[in-house]
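Q: Provide a 3D model corresponding to the input given below.
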Amino acid sequence: PPPPPPPPPPPPPPRLPPPPPPPQSYRQINLPIAPVANTTKVIIPTTSSTAEFRQQWEPVVTETSKHPDYATLFPFPTKLPQFRAYGSWCATHPPLVVLSCATLLVWDDDNDKSTDGEGRTKRRKTKPEVCRLTVLNGLNPREVLLDTLVKPKRSVADYRTADTGITSDDLRDVVFYLEHAHTFLKSLCSAETVIVGHGVYEDLFTALGLAHYCCADTSLLFRVKGCHGEKMVVPLLSDIVKQCSVATGALTEDTGRVDCVGKARATLDCCWFYMAKRGRVPEIISSDPDAGYKVLCSEVPVGMEGDALKEVFFEQTFILPLASSAITGKKCYLDFTSEDHLKLAFEGIEGEVKKDSAGRKLKIFKCGDGKSFRVVLTREI
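A: Numbering: from 1, shown residues only. Sure thing, here's the model as predicted:
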């Protein structure tokens, strides 16, 4: 018999549609991008003043916004009231004002018997609120536009008399409240008014509850010497005045309390000093004890507590840290009593000195059990 016919050839594979050509650029990719609202901005005076004024103050406002912490401090909540746009209504108003506030602490809730679901008394929270408001004409600092006590409507937790010099008796008959402060400032300032202050972000947001983005802040223009760590350290106004030999008035009254008018004038004088030096000002040596002498310990081994960290540090360097902060995210700070104490401790760590991505000096601290962690200097010594 004849041989069987060969099997038919397999059918060809189905032809798939060709893949779409890749986009020529990432710019051509069509994605449903959701823009992120960012309220951090800077407003430069453009129409509210003369060309000479803008030439003087625009660099100072710009330099304030260039501080690494500006984006953290100035994204005011969008619900905060802001000043109106510049217009004929404020054409004769000063384009530069100086702001100074004194604050006390009020209870965040006025319920003295606030309890949780199990009947236990909650820990009550406090927040700062303005108790004295001072506003000067920046073009003529002898002119005090406003200097008044401000009475809070919430119950006062702490008058902070040692700092403010204000007592309950001072505020007993006061009828000027926060809404009056808002009325005055909104009738005076536009969005392009340059507001000068020392820690002006605290005065605007924390004390007054206002948003403004055209600021010259001496706490951000001047830097503390050697402090470039994770925690923001701002110079004291008194340190700037003393170390830059700024000729200004007294910062305190005869009673010992803060002189808000004198503080405002000193802040303006420091701004003029900064402009005269074109920003090339010396770093300020802080006299603030809170600035401290610290090292940052990172990549701390799991299970090691603050006290154990101090003991391990002492065993190798023979220097006992003053205190240790809580370990969070494998990081903590060790405090020392002085710059010499800190220097001896860092030099006592075995190994070579390296630098991290921020240019800070660091050493690798090797524990006896084979574990290690990084010790970073947060200030130059």
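
Q: would you list every one of the strands in the stretch 251-381 of the chain?
A: 293-298, 323-324, 331-336, 354-355, 361-366, 372-377 (DSSP state E, counting those that start in this stretch).

Q: how far out from the middle of the chain is the last one?
A: Averaged C-alpha coordinates place strand 372-377 at 25 Å from its chain's average position (C-alpha atoms, centre = their mean, to the nearest Å).

Q: ditto for the fourth one
A: Here the centre of strand 354-355 is set off from its chain's centre by 27 Å, with C-alpha atoms, centre = their mean.

Q: Likewise for the third one?
A: Relative to the centre of its chain, strand 331-336 is centred 21 Å away, using C-alpha atoms, centre = their mean.

Q: mind checking which helix or strand of this structure has the lowest mean pLDDT?
A: Among the helical and strand segments of the chain, the one scoring lowest on mean pLDDT, DSSP states H and E is strand 323-324, with a mean of 72.

Q: neighbouring contacts of it?
A: Contacts with strand 323-324, where a contact means C-beta atoms under 8 Å, 6 or more residues apart in numbering, come from Gly306, Asp307, Leu309, Lys310, Cys332, Tyr333, Leu334, Asp335. All C-beta spots, glycine's among them, are computed from the backbone N, C-alpha and C.

Q: Least confident of these?
A: Among those, Gly306 has the lowest pLDDT, at 71.

Q: re earlier: list the strands paired with the least confident helix or strand of the chain, with their directions.
A: In the sheet, strand 323-324 lines up against strand 331-336 (antiparallel) (DSSP bridges).

Q: between the partner strand and strand 293-298, what angle do the directions make?
A: Angle, strand 331-336 to strand 293-298, by axes from the mean of the first three to the mean of the last three C-alpha atoms, to 10 degrees: 150 degrees.

Q: how about strand 331-336 as CSV, C-alpha atoms only?
A: Extracted in CSV, the C-alpha atoms of strand 331-336 (Å, rounded to 0.1, in the frame of the first residue of the first chain):
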residue,chain,number,x,y,z
LYS,A,331,18.5,57.9,66.2
CYS,A,332,19.1,59.9,69.4
TYR,A,333,21.1,62.7,70.8
LEU,A,334,23.8,62.6,73.5
ASP,A,335,24.2,65.9,75.5
PHE,A,336,27.5,67.1,76.9
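
Q: which residues touch that strand?
A: With C-beta under 8 Å, 6+ apart as the criterion, strand 331-336 contacts 231, 292-298, 300, 306, 309-310, 313, 319, 321-326, 342, 345, 378.

Q: I'd guessed Val375 sits against Lys294; true?
A: No. If you go by C-beta atoms under 8 Å, Val375 and Lys294 don't touch, sitting 10.6 Å apart.

Q: before we move on, back to that, chain center to the least confident helix or strand of the chain: distance?
A: Strand 323-324 sits 24 Å away from the centroid of its parent chain (C-alpha atoms, centre = their mean).

Q: how about low-confidence regions in this protein?
A: 16, 19-41, 44-49, 109-124, 226-232, 247-258, 287-292, 358, 379-381 (pLDDT under 70).

Q: mind checking the longest helix of it?
A: Counting residues, the longest helix found in the chain (DSSP state H) is helix 260-276.

Q: Show me what it packs onto, helices and strands only.
A: Packing partners of helix 260-276 (3 or more C-beta pairs under 8 Å, 6 or more residues apart in numbering; DSSP states H and E): helix 51-65, strand 96-107, strand 126-137, strand 140-149, strand 194-197, helix 218-221, helix 237-243.

Q: what does the first one rub up against?
A: By that I understand helix 51-65. Here helix 51-65 makes contact (C-beta under 8 Å, 6+ apart) with 42, 44-46, 49, 70, 74, 95-96, 194, 214-217, 220-221, 271, 274-275, 279.
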